[in-house]
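Chemist: Quick one, what's the 3D model for this:
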Amino acid sequence: MSVIFFMIGISLLMALGFLGAFFWSMKTGQQDDLYTPSIRMLLEDDAPDTPKTQSNAE
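Modeler: Sure, this is the predicted structure:
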């Protein structure tokens, strides 16, 4: 019977830990934009950098 009380206590501590982590993530803005990261690979990047040539204005 004491094992059941121990397991209930551990499960409550874990639930409180997950709840605290959820509130921390909401406070720090971790959940602000969930849509853009999933389509970021489909968006067009900027043009690649081209090597600059040296001018002959020495």
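
Chemist: Can you give me the neighbour number for Ile10?
Modeler: 10 (other C-beta atoms under 10 Å). Yep, even glycine has a C-beta here, placed from its N, CA and C like the rest.

Chemist: how far away is it from Phe18?
Modeler: From Ile10 across to Phe18, the span is 13 Å (C-beta to C-beta, to the nearest Å).

Chemist: got it, and Phe5?
Modeler: If you measure Phe5 against Phe18 using C-beta to C-beta, the figure is 21 Å.

Chemist: Tell me where the protein has helices.
Modeler: 2-27, 36-39 (DSSP state H).

Chemist: how about a markdown table for those, with mean pLDDT added?
Modeler: Below are the helices of the chain laid out as a markdown table (pLDDT from 0 to 100):
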| stretch | mean pLDDT |
| --- | --- |
| helix 2-27 | 96 |
| helix 36-39 | 78 |
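
Chemist: Local confidence estimate at Met1?
Modeler: Met1 is assigned 88 on the pLDDT scale.

Chemist: Please disregard the earlier target; I meant Leu43.
Modeler: For Leu43, the model assigns a pLDDT of 75.

Chemist: Please renumber the chain so that the first residue is 20 from this point on.
Modeler: All right, first residue 20 from here; so that's Leu62.

Chemist: State the number of residues packed around it.
Modeler: Leu62 has 7 neighbouring residues, counting by other C-beta under 10 Å.

Chemist: Pick out the residue nearest the middle of this protein.
Modeler: In the chain, the residue lying closest to the centroid (C-alpha atoms, centre = their mean) is Gln49, at 5.8 Å.

Chemist: could you measure it against Phe37, distance?
Modeler: Taking C-beta to C-beta, one finds Gln49 at 14 Å from Phe37.
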